[in-house]
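In: Quick one, structure for this:
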Amino acid sequence: MNVLFINPSRWGRGITPIWIASHAAVLKSRGHVVELFDATFFKDWAHNENAFNTANQQYRPSNYENLVVFSDVPVREALQSAIDAFRPDVIFFAAISSHIHGEGEYAAIQFANELISDLQSQATVIAGGLQPTAAPAETAARFANTQIFIRGESEMVLGEVVDALQTGASLEGIEGLVRRVNGGFSVAPAQPIISDLDLIGAYDYSLFDDQVFLRPYNGEVLRAVDYEMSRGCPFTCSYCVETVIQSYYGFTEHTPRGMLKVPKAYLRQKSAGRAFEEMSRLYNEKRVVLFRCQDTNFLTINRETLFGLADLLDAANLPIKLYIETRPEGINEGTIPLLKRLRVDGVGMGVELSTQDFREANLNRFADQPAIIRAFKLLRDAGLKRTGYNIIGLPDQTEESILDTVAFNRILQPDNVTVAFYSPYIGTEQQRKGAALSYFLDYEFDVDSQLRTTSRHSVLSPELLAFYKRNFMRLVREGTDSLVHLKNQEGLRG
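Out: Residues are numbered from 1 along each chain as shown. Below is the predicted model of the structure:
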């Protein structure tokens, strides 16, 4: 069958959604034909996330925008032309991967539904992702343009569905599906978790246009991909959509310190050989040198696998670099040499906000201040770049908390600082709390942690949150002596 993937990204910056590469691998292995419509570089659709975050000093200036070309063709016109030419039997968008919610994965189902709303096609429209996983009936009612939804991990399920559509077989027995039936919705039992990521096959990045591989990184523009070696996180932070996936697969018990009681079956990974195969192929065929690892917690990957990959990279002398994300508890004198052998160039770690009591009581996130400080120092001493991740606009957060977080970042002195608007991801404990407090609606459209807040907070107003998003990095670098002046300049009360 002809299967058209839609990447509805609105960031106007090259991203290689991991779900595209993984689902393409499965469908092609079953003999189906897959094409991609990527909405990233259309002028009437894209927001300039790169310029936005460069202006607020979250990114270092680069010549990225001189190297990519945006289309003047209206995006819906281009999509209709692609549909007319390819004549897809199936249109698919939105899925779960290690991207989790970053780079627009959470909102993809909304944006893709908007793109196809007025288009002409006989294709069966299918979508997966976090929203149907968290709220199947509500999501099906909300997005009427989609006929079939897949909950949980969707690679194998999509393969089954497309095979069944090709042969005319019933979809009745396929697990993980939400279907429209007799004016209502049929919700099938959960499918098994993918216990070994090698079962998916080698991820296929061939669908992406060449300029999608260009990525601004610390003032340079490198050829890069978003990549996953593993899936799952053993922690149960109350604001994170990881908890939605954990719950779907029955991993609901956690310790008083916010960790799954039985994490082993939930943490899955590729073999060292598969990861090396993919990395070397992407380097040789696509000239990719930066692997932006989206693993939720890189250092929970089995040590044997990481050392095996390090051996293979050493033997091949592969000239690549990795950017990873992990928790500060995993950074110690023993892991630093391993990170260097793995060609890790940068490490992103969640600070979230400075107040340890708030993190523990409100976010179910247990990361001691001294452990965070020590991790940043160890990485600095080893010459590894450090990025501190921060969140503003959480339910019950105060302006004082934001300023304390600025002060804590001044202690850490990261090489890069990012600040995200808190986003109420459906199905999380914090989303339910935010709705109960009327900080957010029960469901929010246009969720984007980088570009906008959807908060209705009476104290931390959207205007005040936008002010701190614009000026967070400046306050970290220069201190808060100029805070009142900056506020007055922007028409805010000091």
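
In: Only C-alpha atoms from now on, for both contacts and neighbour counts.
Out: Fine.

In: any idea which helix is longest in this structure?
Out: As assigned by DSSP state H, the longest helix anywhere in the chain is helix 462-478.

In: can I get the CA coordinates of the very next helix or strand once past that helix in PDB?
Out: Downstream of helix 462-478, the next assigned helix or strand under DSSP states H and E is helix 483-489. Extracted in PDB, the C-alpha atoms of helix 483-489 (Å, rounded to 0.1, in the frame of the first residue of the first chain):
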ATOM      1  CA  LEU A 483      15.100  43.400  36.700                       C
ATOM      2  CA  VAL A 484      12.900  46.400  37.500                       C
ATOM      3  CA  HIS A 485      14.400  48.400  34.600                       C
ATOM      4  CA  LEU A 486      13.800  45.500  32.200                       C
ATOM      5  CA  LYS A 487      10.200  45.200  33.400                       C
ATOM      6  CA  ASN A 488       9.500  48.900  33.100                       C
ATOM      7  CA  GLN A 489      10.900  48.800  29.500                       C
END
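
In: is S186 in a bridge, and if so with what?
Out: Counting by DSSP bridges, S186 forms beta bridges with R179.

In: For it, give me the pLDDT.
Out: Per-residue confidence (pLDDT) for S186: 96.

In: Show the contacting residues for V178.
Out: Listed by C-alpha atoms under 8 Å, 6 or more residues apart in numbering, the contact set of V178 reads 136-137, 140, 148-151, 185-188.

In: Start from the N-terminal end of the stretch 351-494 of the chain and give the strands.
Out: Here the stretch 351-494 of the chain has its strands, by DSSP state E, counting those that start in this stretch, at 385-392, 416-421.

In: How much space separates V476 from Q413?
Out: Counting by C-alpha to C-alpha, to the nearest Å, the gap from V476 to Q413 is 8 Å.

In: again, but for N332
Out: N332 is 18 Å from Q413, by C-alpha to C-alpha.

In: Comparing those two, which shows the higher neighbour count?
Out: Q413 (19 against 14; other C-alpha atoms under 10 Å).

In: Can you check the pLDDT for the more buried one?
Out: For Q413, pLDDT reads 95.

In: got it, and the one 4 residues further on?
Out: Residue-level confidence at V417 comes out at 95, pLDDT.

In: How about the contacts made by D442?
Out: So D442 contacts 431-432, 435 (C-alpha under 8 Å, 6+ apart).

In: Most neighbours among these, please name it.
Out: The most neighbours of any of those, using other C-alpha under 10 Å, belong to Q431, which has 27 neighbours.

In: I'd say A420 and Q450 touch.
Out: Yes. Here A420 reaches Q450: they are 5.4 Å apart, a contact under C-alpha atoms under 8 Å.

In: quick revisit: would you indicate which residues of the longest helix of the chain are buried?
Out: 462, 464-466, 468-476 (16 or more other C-alpha atoms under 10 Å).

In: so, if you compare those, which one comes nearest to Q369?
Out: Among the buried residues of helix 462-478, V476 lies closest to Q369 (C-alpha to C-alpha), at 17.4 Å.

In: Report the separation between the closest one and Y266.
Out: 37 Å.

In: okay, now the domains of the chain?
Out: 2-187, 197-489 (automatic domain parsing).

In: for the first one, the distance to its chain's centre please.
Out: Taking C-alpha atoms, centre = their mean, to the nearest Å, the mean C-alpha location of domain 2-187 is offset from the chain mean by 14 Å.

In: and the end-to-end length of that domain?
Out: End-to-end span of domain 2-187 (C-alpha to C-alpha): 26 Å.

In: and the closest residue to V212 other than its chain neighbours, what is it in contact with?
Out: For V212, ignoring the flanking residues on the chain, the nearest one in space by C-alpha to C-alpha, 6 or more residues apart in numbering is G14 at 4.2 Å. Counting by C-alpha under 8 Å, 6+ apart, G14 makes contact with 40, 211-215.

In: Out of those residues, which end up buried?
Out: Burial by neighbour count, judged by 16+ other C-alpha under 10 Å, picks out 40, 212-215 from these.
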